[in-house]
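Enquirer: sequence first, then the predicted structure, then my questions.
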Amino acid sequence: MDALLIVSGIVAVLIAWVWLILQARSLGMGLLLVAAVLPWATLFMRRRGYAVMPRVLLLSGLVCMLAGAAWLHRDQPERFDSLLAGDWLGPKAAPGSLEGELMGQRFVPDRAVWQGTELTLQEGEGERVRRSLSIRFAKVPGFLRQQRVERLPTDEGPGPELVIQWYTGALQAPGLRRVVEGYTLSLEFTPQADGRTAVRMHLHLPSQDATRVTGNFWLDETPAWLKTLERTPSSQVPVLETAPAPVARAANPEPLESSLGQWQTVSLLALLDEPELFLDQNVRLTTVTNRVYEGRLKTVSAEQRVVIAQPRGPNQVDYHFHPLDIRSLEVRYRATR
């Protein structure tokens, strides 16, 4: 509605302006110049011969424009500020194809920088940075021992710290949130011959944070830790050891091949719609970061999380997956007798 009011007002003002100039041709050069250069001034010039209808239309157009601008400032202050700043086309294209949301706001970063042990993505420049995301590895440098960084909500131990900044209004301080757990993160760094580094990224936070960022982007320079990694022989690179995910075993000691069928790909939508058809079946889930988890489907939570149970010694570990983190899903039904 605000855009309609503004556009209608502009059209009305243009029509009234042309109409006023045409009508003022018979009033003399001075009054014609006033109509052409300062048409709104004619609203205050009575008994000078200007026609009434063009001025009424001009006034109506100005009122519509001001009403639309006030409406826009009330409902979308960020967009209003962008228009005043001259950003008519909205955010610039991202470096690559990286985009998503930060705290429910569209995020299209136009700058990616690696400084020390921190990756920063920004939308805007200088004092006009509207949204930013920083991933800090200072407290967990062990994650920078490989070209690929992965983190799941169920992973134990500390992970990189996320610092999110978002726009809250022209006259207010930006929002700030720090996240240290409960998120899914995948970063893959690929150094190029020209000195740049291609980065593939996937980040997803819990639904209450309304934050996700996915895509590819470029770093203008290869980070120092990555250069060191390239110069180090692969046999000498310290690798973070992760225990292989245990595979759930059937309680019945009968041979696995005889008790289970073949793996079948199933629709994630079908599982979310009718989870009871798949409960307690053996499933194999592949995430968007190509990590594979195999276990028993325990449940689909009220928040639409797919929960897979894996035995670990005498205990059981539950893995929770958001639908956006799932690339494919397979099920192996127990053979019927």
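Expert: Done, it's in. Numbers count the residues shown, from 1 in each chain.

Enquirer: nearest spatial neighbour of the most centrally placed residue in the chain, skipping sequence neighbours?
Expert: Centroid-nearest residue in the chain, with C-alpha atoms, centre = their mean: residue 100, separated by 1.6 Å. Excluding its sequence neighbours, the residue lying closest to residue 100 (C-beta to C-beta, 6 or more residues apart in numbering) is residue 213, at 3.7 Å. (Glycine included, C-beta is placed from N, CA and C.)

Enquirer: could you dump stretch 36-50 to CSV, C-alpha only?
Expert: Provided in CSV are the C-alpha atoms of stretch 36-50 (Å, rounded to 0.1, in the frame of the first residue of the first chain):
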residue,chain,number,x,y,z
ALA,A,36,8.2,25.2,-14.5
VAL,A,37,10.9,25.5,-11.7
LEU,A,38,8.9,25.7,-8.5
PRO,A,39,5.5,24.3,-9.2
TRP,A,40,4.6,23.8,-5.5
ALA,A,41,5.1,27.5,-5.0
THR,A,42,1.9,28.1,-7.1
LEU,A,43,-0.1,26.5,-4.2
PHE,A,44,0.5,29.7,-2.2
MET,A,45,0.1,32.2,-5.1
ARG,A,46,-3.5,33.4,-5.1
ARG,A,47,-5.0,35.7,-7.8
ARG,A,48,-2.1,35.2,-10.2
GLY,A,49,-4.1,33.5,-12.9
TYR,A,50,-3.0,29.9,-12.2
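
Enquirer: and that stretch, how far out from the chain middle?
Expert: With C-alpha atoms, centre = their mean, to the nearest Å as the basis, stretch 36-50 stands 50 Å off its chain's centre.

Enquirer: what about it, average pLDDT?
Expert: With pLDDT averaged residue by residue, stretch 36-50 scores 83.

Enquirer: same deal with stretch 195-210?
Expert: 89.

Enquirer: in it, what counts as buried?
Expert: Going by neighbour count (16 or more other C-beta atoms under 10 Å), the buried part of stretch 195-210 is 197, 199, 200, 201, 202, 203, 204, 205, 206, 209.

Enquirer: ok, now which ones touch residue 6?
Expert: Listed by C-beta atoms under 8 Å, 6 or more residues apart in numbering, the contact set of residue 6 reads 64, 65, 68, 69, 72.

Enquirer: repeat that with 6 Å
Expert: By C-beta atoms under 6 Å, 6 or more residues apart in numbering, the residues touching residue 6 are 65, 68.

Enquirer: in three-state terms, label it for me.
Expert: With DSSP: H, G, I helix; E, B strand; the rest coil as the basis, residue 6 sits in helix.

Enquirer: pLDDT at it, what is it?
Expert: 85.

Enquirer: swap in residue 72?
Expert: 74.

Enquirer: separation between it and residue 11?
Expert: Using C-beta to C-beta, to the nearest Å, we find residue 72 at a distance of 17 Å from residue 11.

Enquirer: who has more neighbours out of the two?
Expert: Neighbour count, other C-beta atoms under 10 Å: between residue 72 and residue 11, residue 72 has more, with 18 against 12.

Enquirer: my guess is the more buried one meets residue 2, correct?
Expert: Yes - when contacts are counted by C-beta atoms under 6 Å, residue 72 is listed as touching residue 2 (4.2 Å).

Enquirer: bridge partners for residue 329, pull those for me.
Expert: Counting by DSSP bridges, residue 329 forms beta bridges with residue 285.

Enquirer: pLDDT weak spots in the stretch 101-250 of the chain?
Expert: For the stretch 101-250 of the chain, the stretches with pLDDT under 70 are 125-128, 169-173, 232-250.
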